[in-house]
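Q: below are the sequence and a predicted model for it; my questions follow.
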Amino acid sequence: MTGFVLRRLGAALLVLLALSAVVYALFYLAPGDPARLACGERCNPQQIAQVREQLGLNDSVPTQYLRFLQGVLAGRDYSGGAGLVLHCDAPCLGFSYQNDRQVTELLLERLPATFSLALGALVIWLVIGVGTGLLSAVRRGGLTERLLTVVTLAATGTPVFILGLLLLMAVCAYLRWLPFPTYVPFGDDPEQWAWNLLLPWVTLGFFESAKYARLTRSSTLETLAEDHIRTFRAYGVGERALVTRHAVRGAVAPVIALSAVDFGTMIGGAVLTESLFGIPGLGKTLIDGVRVVDLPVVVGVVLTIGTAVVIAGAVADLLYAVADRRVALA
Amino acid sequence: MTEPLVDAVDLVVDFPVGAPGEYLRAVDGLSFTLEPGRALALVGESGSGKSTVAAALLGLHRGTGARLGGTVRVGGTDVGSADAGELRRLRGGVAAMVFQDPLSSLDPYHAIGDQIAEVYRIHTTATRRAARARAVEVLDRVGIPDAARRARSRPHEFSGGMRQRALIAMALACEPRLLIADEPTTALDVTVQAQILDLLHGLREERGLGLLLVTHDVGVAAGSVDDLLVMRGGAAVERGPVDRVLSAPRAPYTRELLAAVPRLDGPRTPRPRPATDADEPVVEAFRLRREFGRGKRRVLAVGGPDRAEGVSLAVRRGETLGIVGESGSGKSTLGRMLVGLLEPGSGRIHHEGRETAGIAPGAQMVFQDPVSSLNPRRSVGESIADPLRAAGQRDEAAIRARVEELLTRVGLEPGHYDRYPHEFSGGQRQRVGIARALAPQPSLIVCDEPVSALDVTTQAQVTALLAELQRELGIALVFIAHDLAVVRQVSDRVAVMRGGLIVEEGPVDEVYDRPAHPYTRRLLDAVPALDPGLAARRRSARQEAFA
């Protein structure tokens, strides 16, 4: 088992390294001269040359990449011209052209909001999705299943911004059960944090849960058709115990795997929900960065999302191995 | 007179197929009884409905859409009209089922002891702790060594034989009066099979259990039951005491079935003139070794612990070398190396006197599973044409003509070219596999368990075809199988493999009649005999040897 964990983590590190190289290539593939972009509209050629020198853009590409890696791992110094030295602590992702701030700082500021949103949504989709999936698998062919199928199909078919808007209008404008959400950091007031995030959670979680309900239903049905289920049925084990004791274990494996990837992507990808509810998260940062070609910010966000996906994937594999010990042997 | 343990009257089972309202009759008006403490075997080929009957005894068709007719009473309960509670008490409490495939019949996520304890607690009011203790007790009874510790193992940590024992332990847990064993030894090696059958026999004597044994293997039934019920097409063909049915079968189908069963003591079809050492070997292997995996996970598949030990053999024109051995003995790995599908770890292979590496042009292979070794999305004609195209043949008309000729040659029709694998029976599919191997006019064909997935009557036809082709074309055959009786039928020489090495090799008559190696003797003794008297004598000999 220890060997399996180490191998899995080693693989995750390799993936991150490869990802950083690909993302870093953005600097050279994206249109525009990074020095000009960093310097701003009104720079003259001398100033651009100076910025280029400061950012180390005259060095060879591998050297620049290594320096970038060094910045991520150990921090680095930028010469600010005229003997001025700017220090950037590890993990250093460079400076934002537009905000003139360290990208790392910017991201750390935005991360908690996104993380809060994703975590709550994860809980909701697991509870609703797996719950309805199991229920419709057990009651297959019955009225319950048909109703659940209609609801999940409707949820899959409704775009998240429509769902969110409808909820906002109904709950905040019409019924006035909740005020319009504004993001309150968890550290400031946990209760307000939760109340304000409730609608975004429900929106995102409900939207995602449709997919999980379908996945859970099909994998449960598949597991229920396996031979070992037949064994226990032939020994008088009731249908409910068959599902809860024997089928669930096998059926949730794909749910764990997909949840991990979805959670990871959500760290950077819940753009619509974030902008709809005005949550100052990473998704919004990424969109802003892309719009103004703020390359260090884009690279930083993409790398953060990648890291989140890779970590979540590794965690899922480890969970999977705990659930089914044969995995660690393969 | 006491009430029979099982009383089936005019049992009919229909399965829904395709369109609603359309049914396929699996069991067609079967009536039989089984008295308490007696043993009955349902014997038949695939599709005869024998497993369907076994499932019907426990009401397992409920909720599957199957349509049942007639009545089945088990231990006094009418299975058809029993309510859910009665059915659950019946399942495991009165009649317990031992399933076929021990690999997939246990829950992979739970410890084996817990699985048995769970079943025990359903039928008793035992506490969790008492149920665990009971699980250890039954595991110990079925011969799991160190049962208290092994009860915490998961199924993947058990060997196939141990898993089968665990399934039997589960069946015993609630002291049922009837064991229903559905092909309990089909996935096991012969020596393990003999142990499991001995175990079932011992349990029956010890506890007075009734046994309903479902099997395709007449030999397995011969040594294990009192009565035999031969089934075909969902109906009974013949029923009677096992020695009477086996020695004097009345129904023509029973006679046909028994005649097709390969026997260790039956007459051998004469083989053509044996090859002599003067002939140049078609394939010759020198000290082959092969390992899988790396580092700590390295497993030796072929070869001995000493690095110099490997497998050497030679097969001449027109000759058949049988290779027998239990699972994991390395026989398939060896076969794959002989045709160049696997690179040997070390050692050399000569085809027609020349050293070869990689796929040898003159060597072809016939695989075990005729279902999965043909591409289901391509017509069989195209599959047979593959090796021709691979050899560079481009003339479409010539390819088609050759494939049609091959189809005729293996007993199919030229018109079958455009049909797909699912339209053929298992035996026909294996004929397609043979035609594909013949296409590039090979000098050597390696058959890896070519008939083990087939019914005995089909088996006999396919082995006869192979012998005929060999006689006409002078091909050298390597016939790999776990079934010693089949190998005896088809081979000139036989090699016995164990743990990656050949432990004994020689002409068939010599090896089978005067086995030199103790392992060969053990293998031969474990083969189920068709004679119930002989089976009983062998069983007591094994018990003495064990005691």
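A: Perfect, thanks for sending it. Numbering: from 1, shown residues only, chains lettered A, B, ... in the order given.
Q: what is the neighbour count of residue 253?
A: Picked chain A for this. 19 (other C-beta atoms under 10 Å in any protein chain shown). Every residue, glycine included, has its C-beta placed from N, CA and C.
Q: not quite, I wanted chain B
A: 17.
Q: for the closest residue to B:Ala437 other than its chain neighbours, what are its contacts?
A: Among residues not flanking B:Ala437 along the chain, B:Gln364 sits closest, at 3.9 Å (C-beta to C-beta, 6 or more residues apart in numbering or on different chains). Contact analysis of B:Gln364 by C-beta atoms under 8 Å, 6 or more residues apart in numbering or on different chains lists B:339, B:387, B:436-438, B:440, B:442, B:444-446.
Q: reformat those residues as a markdown table; add neighbour count.
A: Listed next are the contacts of B:Gln364 as a markdown table, based on neighbours: other C-beta atoms under 10 Å in any protein chain shown:
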| residue | neighbour count |
| --- | --- |
| B:Val339 | 23 |
| B:Pro387 | 18 |
| B:Arg436 | 25 |
| B:Ala437 | 26 |
| B:Leu438 | 22 |
| B:Pro440 | 17 |
| B:Pro442 | 22 |
| B:Leu444 | 23 |
| B:Ile445 | 25 |
| B:Val446 | 29 |
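Q: residues contacting B:Ser31?
A: Each residue near B:Ser31 by C-beta under 8 Å, 6+ apart is listed here: B:8-11, B:70, B:236.
Q: list buried residues within those.
A: Buried members of the contacts of B:Ser31, scored by 16 or more other C-beta atoms under 10 Å in any protein chain shown, are B:8, B:11, B:70, B:236.
Q: element containing A:Gly278?
A: According to DSSP states H and E, A:Gly278 maps onto no helix or strand at all.
Q: same check on B:Arg88?
A: Counting by DSSP H and E, B:Arg88 is found in helix B:84-89.
Q: distance from that helix to the middle of the chain?
A: Chain-centre distance of helix B:84-89: 34 Å, with C-alpha atoms, centre = their mean, to the nearest Å.
Q: now the element after it, going C-ward?
A: Heading C-terminal from helix B:84-89 (DSSP H and E), you reach strand B:95-98.
Q: got a list of contacts for that next one?
A: Counting contacts by C-beta under 8 Å, 6+ apart, the residues outside strand B:95-98 that touch it are A:231, A:234-235, B:54, B:57-58, B:74-75, B:91, B:164, B:167-168, B:170-172, B:174, B:176-182, B:184.
Q: okay, now the domains of the chain?
A: All of this refers to chain A. Chain A breaks down into these domains under automatic domain parsing: A:2-88, A:109-329.
Q: the intended chain is chain B.
A: According to automatic domain parsing, the domains of chain B span B:6-260, B:320-517.
Q: can I get the ones you listed in CSV with mean pLDDT and distance to B:Arg542?
A: Listed next are the domains of chain B as CSV, based on pLDDT from 0 to 100; distance: least, C-beta to C-beta, whole Å:
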stretch, mean pLDDT, distance to B:Arg542
domain B:6-260, 90, 6
domain B:320-517, 89, 16
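Q: how close does A:Val309 get to A:Leu69?
A: Relative to A:Leu69, A:Val309 is positioned 19 Å away (C-beta to C-beta, to the nearest Å).
Q: who's more crowded, the two?
A: Ranked by neighbour count (other C-beta under 10 Å), A:Val309 and A:Leu69 place A:Val309 first, with 23 against 15.
Q: name the residues of chain A found near chain B, please.
A: Contact residues, chain A versus chain B (C-beta under 8 Å from any C-beta of the partner chain): A:226-228, A:230-238, A:245-246, A:249-250, A:323-326, A:329.
Q: could you list which of those belong to helices?
A: Counted as lying in helices by DSSP state H, out of these, are A:227-228, A:230-233, A:249-250, A:323, A:326, A:329.
Q: not counting sequence-adjacent ones, nearest residue to B:Glu413?
A: According to C-beta to C-beta, 6+ apart, the nearest residue to B:Glu413 is B:Leu407 (6.5 Å).
Q: now do the helices in the stretch 101-250 of chain A.
A: Assigned helices in the stretch 101-250 of chain A, in chain order: A:103-125, A:131-138, A:143-157, A:160-167, A:190-224, A:227-233, A:239-241, A:248-269 (criterion: DSSP state H, counting those that start in this stretch).
Q: can you list contacts of the helix or strand harbouring A:Gln64?
A: Using DSSP H and E, A:Gln64 maps to helix A:61-74. Residues external to helix A:61-74 that are found in contact with it (C-beta under 8 Å, 6+ apart): A:20-21, A:24, A:27-28, A:56-57, A:59, A:76, A:88, A:90-94.
Q: just how off-centre is that helix within its chain?
A: Taking C-alpha atoms, centre = their mean, one finds helix A:61-74 lying 25 Å from the centre of the chain it belongs to.
Q: what segments of the stretch 151-300 of chain B are strands?
A: B:178-182, B:210-215, B:227-232, B:235-241, B:281-292, B:299-302 (DSSP state E, counting those that start in this stretch).
Q: would JSON lines of these with distance to chain A be doable?
A: JSON lines is the format used below for the strands of the stretch 151-300 of chain B (distance: least, C-beta to the nearest C-beta, whole Å):
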{"stretch": "strand B:178-182", "distance to chain A": "9"}
{"stretch": "strand B:210-215", "distance to chain A": "13"}
{"stretch": "strand B:227-232", "distance to chain A": "21"}
{"stretch": "strand B:235-241", "distance to chain A": "24"}
{"stretch": "strand B:281-292", "distance to chain A": "14"}
{"stretch": "strand B:299-302", "distance to chain A": "13"}
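Q: in strands, which of the contacts of B:Gln364 fall?
A: B:444-446 (DSSP state E).
Q: I'd like those laid out as TSV, including distance to chain A.
A: Shown next, in TSV, are those (distance: C-beta to the nearest C-beta, whole Å):
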residue	distance to chain A
B:Leu444	35
B:Ile445	34
B:Val446	29
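Q: any chance of these in CSV with distance to A:Arg101 as columns?
A: Formatted as CSV, the ones in strands among the contacts of B:Gln364 follow (distance: C-beta to C-beta, whole Å):
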residue, distance to A:Arg101
B:Leu444, 74
B:Ile445, 74
B:Val446, 70
